[in-house]
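> Got a predicted model here, sequence first, then my questions.
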Amino acid sequence: MSPLKPYLGKSTAQGPLPPPSLYAGYEEVIPGSAERILKLTEREQSHRQELEMKTSDIQKANVRRGHWMGFALGFCGIVAAVVCAIYDRPIIAGLSAISVIVGVATAFFRDRNADS
């Protein structure tokens, strides 16, 4: 018969909770600790979800603000082109109109490429 050899093992767990065997071990050592671990995990998950919601709301507000700023700049460019055309400055009017069109097209295609 072969002599017994000591065995040192390593186990890993992935996720917010320890594996059930370890979880039960906590409860044996400190009564009530399993419930505390579960409550801690629930609070952490709730906090993480709250942060994700806030981040999402901020991103939506930033996109909305960017759209309004783009609209305002485009409108100003078109107004500048019309004013220049009225005052017989066709080159400046054309450049202003072309820059607005190129800017809007660039933003549109950049946004479409980011979605895909």
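Alright, I've got the coordinates. Residues are numbered from 1 along each chain as shown.
> all contacts plus neighbour counts: C-alpha atoms, from now on.
Fine.
> How far does the helix ranked longest in the chain sit from its chain's centre?
Identified as the longest helix of the chain according to DSSP state H is helix 33-86. Its chain's C-alpha centre and that of helix 33-86 lie 9 Å apart, by CA atoms, centre = their mean, to the nearest Å.
> can you list the weak-confidence ranges in this protein?
Applying pLDDT under 70 to the chain flags residues 1-2, 7, 115-116.
> repeat that with 50
For the chain, no stretch is flagged by pLDDT under 50.
> now for the longest helix of the chain, which elements pack on it?
Helix 33-86 sits against helix 20-29, helix 90-115, with contacts defined as 3 or more CA pairs under 8 Å, 6 or more residues apart in numbering; DSSP states H and E.
> Of these, which is nearest M69?
Minimum separation from M69 across the helices and strands packed on helix 33-86 (CA to CA) falls at helix 90-115, 11.7 Å.
> in the closest one, what counts as buried?
I92, A93, G94, S96, A97, S99, V100, V104 (16 or more other CA atoms under 10 Å).
> Would you mind measuring from the fifth one to D88?
The reference is to A97. 15 Å (CA to CA, to the nearest Å).
> Next: the fourth one.
According to CA to CA, S96 stands 14 Å off from D88.
> No more questions from me, cheers.
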